[in-house]
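sequence plus the predicted model coming up.
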Amino acid sequence: MGFFKLFSKEKKETLDKGLEKTKEGFFSKLTRAVAGKSKIDDDFLDNLEEIFITSDVGVETTLKIIDRIQKRAARDKYVNTAELNELLKEEITELLTENDNEQTDDFTVPDDKKPYVIMVVGVNGVGKTTTIGKLAYQFKKAGNKVVLGAADTFRAAAIEQLQIWGERVGVPVIKQQMGSDPASVAFDTVSSAKATGADVVIIDTAGRLHNKVGLMKELSKIKNVMQKVVPGAPNEILLVLDGSTGQNAFEQAKQFVAATEVNELAITKLDGTAKGGVVIGISDQFKIPVKYIGLGEGIEDLQIFRKREFVDSLFGDKKE
């Protein structure tokens with residue numbers, strides 16, 4: 001089955017709608033900068049640099065994109081606006097693709113890695129628990145048996161919120177009392193999952209950043225106890241970031257990457273912000289794949305991040 005067949009019209013509409021504010025901000029500025037240009041000159045490059053930086057793409061990634069465009073323009077002899085749009089699309093897509101392999105499956109897990117364990121990290125308020133609930137829904141919808149673990153025992157509200165999501169989705173939640181050892185909850189969760197033949201385990205963790213050393217020790221302990229039950233666990237350490245916070249998301253990523261071995265990213269709340277450019281910058285700067293993006297409050301509004309579709313949507317590509 002081809003890639004574009006996998007990306008349904010419904011998903012494309014969700015993506016287009018979720019990125020509307022970013023398109024209105026970032027790419028309306030871009031359209032004005034491109035209008036009437038017959039060549040790439042210094043003034044245009046200065047305008048382009050400002051557009052990318054003010055859209056939270058980040059300085060380093062912006063300079064990298066500008067350099068790519070200069071080299072392409074010198075080689076390909078840019079002629080008109082349509083060609084410039086295509087050049088920008090190609091360079092941004094290539095930049096994103098360098099840090100990731102294309103996702104071609106929706107919420108499937110390898111047969112030889114069951115239970116497939118995902119440990120989710122991120123500060124409070126970024127949509128971490130909501131993302132876990134939506135992931136559970138999508139994995140279950142794809143035919144997987146899912147178990148959730150409430151290892152954010154620092155806050156009673158976190159345990160309760162995860163329990164509500166478990167009931168909503170129809171998946172079990174393994175929990176203990178507030179203040180319990182998070183590693184103990186994780187151990188119980190993977191043990192239960194293994195005993196019941198579950199396909200996917202998703203572990204919630206506390207989002208405290210005020211003590212990075214303490215966070216590092218806690219996450220390491222959780223990993224170590226899970227590995228006693230499921231060798232190699234967790235398969236994913238998924239960092240959830242709030243896309244609407246722009247540069248703050250970069251800082252959170254730095255903190256968590258320093259505290260644990262993050263290997264996947266989920267960027268939420270893109271529908272409520274004009275800062276969708278943060279996806280490009282974070283993917284480039286941290287060399288960690290963006291795996292999921294949140295595009296709304298609905299339970300279906302969490303998508304696997306597909307770079308080409310993302311860039312096409314930002315540029316208003318109507319291709320089916």
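Cool, got the structure.

drop to CA atoms for contacts and neighbour counts, all remaining ones
Will do.

list the beta-bridge partners for the residue nearest the centre of the chain.
Nearest to the geometric centre of the chain sits A266, at 2.2 Å (C-alpha atoms, centre = their mean). With DSSP bridges as the criterion, A266 is bridged to V240, Y292.

how close does it sit to V279?
In this view, A266 and V279 are 9 Å apart by C-alpha to C-alpha, to the nearest Å.

next, the contact list for the residue lying closest to P182 once chain neighbours are set aside, please.
In space, and not counting its chain neighbours, P182 is closest to A151: 4.5 Å by C-alpha to C-alpha, 6 or more residues apart in numbering. If a contact means C-alpha atoms under 8 Å, 6 or more residues apart in numbering, then A151 has 159, 175, 181-183, 185-186, 203-206 as its contacts.

for the chain, what are the low-confidence residue spans?
Residues of the chain meeting the criterion pLDDT under 70: 1-7, 27, 38, 78-82, 99-105, 209-212, 317-320.

quick one: the helices in it?
For the chain, helices defined by DSSP state H occupy the ranges 3-6, 9-18, 20-22, 28-34, 42-54, 59-76, 81-97, 128-141, 156-169, 182-196, 212-229, 247-259, 278-286, 307-314.

show me what the fifth one is in contact with.
Spelled out, it's helix 42-54. Residues from elsewhere that reach helix 42-54 (C-alpha under 8 Å, 6+ apart): 26, 29-30, 33-34, 58-59, 62-63, 66, 277.

select, out of the helices of the chain, the one closest to L241.
Nearest to L241 among these is helix 247-259 (5.8 Å), distances taken as C-alpha to C-alpha.

and the closest one, what's buried?
Neighbour counts over helix 247-259 (16 or more other C-alpha atoms under 10 Å) mark 247, 249-250, 252-253, 256, 259 as buried.

next: stretch 30-44.
30, 33-34, 40.

likewise for stretch 120-132?
For stretch 120-132, a neighbour-count test (16+ other C-alpha under 10 Å) marks 120-124, 126-132 as buried.

no further queries at this time; thank you.
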